[in-house]
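**Student:** below are the sequence and a predicted model; questions follow.
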Amino acid sequence: MQRIRCHYPDADAFLAALDNAGADGGLEVFTTTPFEAGEELLAEVYFGGLPGKIIVRAVGQTWHPARPRLRVRAGGVIRCAGSEKRKLGFLREVAEGRIELPSRRRHVRLPVMVQIRWRRLGDHVHHVAAMSEISEGGALLLTQEPVEVGSDLVVEVLPPGSEIPLEIAATVRNTDHPEGAGIEFVARDAGGVHRLREIIRRIIEQ
């Protein structure tokens with residue numbers, strides 16, 4: 001899946017890019033990286049004032065090369081749907097000053113949706129759930145089972161192409177999301193960090 005850089009100088013420029021795309025869920029992007037209509041993309045969105053980059057999964061709609069004589073920059077329009085469309089709505093609220101984000105994350109969260117199992121540390125009862133917005137630092141755990149901040153969990157992820165799930169230690173850091181909780185991965189050694197990176201790469205590229 002191709003990744004494109006969608007950076008805007010300030011919040012007003014980002015809001016203009018949303019409005020210029022026309023329908024809800026669209027975003028005007030300026031990139032020299034060509035993409036096809038219908039192509040799945042990972043768009044790295046950033047504008048001045050945003051604490052960190054946000055990755056959204058999108059589909060290309062149109063792209064055109066630069067036209068220097070007409071002072072037209074290379075770029076086009078991408079479309080988001082579902083939870084990715086809601087991310088754009090969230091970013092609009094940030095750009096309009098209606099939401100204030102906390103300080104910058106150490107790791108950029110990437111949009112995924114993968115089924116996992118999890119259990120509390122020391123417990124043998126597993127719960128089927130999903131995981132999204134994954135990074136080396138953590139993920140959003142989508143689960144109907146109540147969890148408490150500070151709880152230690154073991155998350156089982158089956159990487160694409162593997163037959164044996166990999167266990168990842170995690171700690172619940174917040175329960176602000178209406179559909180789950182924010183968890184932080186606990187990599188106890190360099191090997192654990194490497195395995196996390198490999199899992200994320202395989203999930204994103206599947």
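**Tutor:** Alright, I've got the coordinates. Residues are numbered from 1 along each chain as shown.
**Student:** where does the chain dip in pLDDT?
**Tutor:** Within the chain, the set of residues satisfying pLDDT under 70 comprises 51, 100-112, 187-193, 202-206.
**Student:** mind listing the helices for it?
**Tutor:** With helices called from DSSP state H, the chain shows them at 11-20, 82-95, 190-205.
**Student:** save the ones you listed as a markdown table, and put in mean neighbour count too.
**Tutor:** All C-beta atoms are positioned from the backbone trio N, CA, C, and that covers glycine. A markdown table is the format used below for the helices of the chain (neighbours: other C-beta atoms under 10 Å):
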| stretch | mean neighbour count |
| --- | --- |
| helix 11-20 | 17 |
| helix 82-95 | 17 |
| helix 190-205 | 14 |
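**Student:** to S135, which of the ones you listed lies closest?
**Tutor:** Nearest of the helices of the chain to S135, taken as C-beta to C-beta: helix 190-205 at 7.2 Å.
**Student:** contact partners for the residue lying farthest from the centre of the chain?
**Tutor:** Note on the chain: the largest C-alpha distance from the chain mean falls to R69, namely 36.7 Å (C-alpha atoms, centre = their mean). With C-beta atoms under 8 Å, 6 or more residues apart in numbering as the criterion, no residue contacts R69.
**Student:** turn the helices of the chain into JSON lines, columns for distance to A58.
**Tutor:** Listed next are these as JSON lines, based on distance: least, C-beta to C-beta, whole Å:
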{"stretch": "helix 11-20", "distance to A58": "13"}
{"stretch": "helix 82-95", "distance to A58": "6"}
{"stretch": "helix 190-205", "distance to A58": "14"}
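**Student:** so which of these comes closest to N174?
**Tutor:** Short answer: helix 82-95, nearest of the helices of the chain by C-beta to C-beta, at 16.0 Å.
**Student:** what's that closest one in contact with?
**Tutor:** Contact with helix 82-95 is made by 11-12, 14-15, 18, 24-25, 27, 45, 47, 49-50, 54, 56-58, 80, 99-101, 111, 113, 132, as judged by C-beta under 8 Å, 6+ apart.
**Student:** cool, and stretch 54-67?
**Tutor:** Contacts of stretch 54-67 (C-beta under 8 Å, 6+ apart): 26-27, 31-32, 34-46, 72-81, 84, 87-88, 91, 108-111.
**Student:** now do the domain split for this protein, please.
**Tutor:** The chain breaks down by automatic domain parsing into domains covering 2-95, 114-205.
**Student:** next one: the last one to chain centre, how far?
**Tutor:** To tie it back to what came earlier, the one meant is domain 114-205. A distance of 15 Å separates the centroid of the chain from that of domain 114-205, by C-alpha atoms, centre = their mean, to the nearest Å.
**Student:** ok, the first one next?
**Tutor:** Between the mean C-alpha point of domain 2-95 and the mean C-alpha point of its chain there is a distance of 14 Å (C-alpha atoms, centre = their mean).
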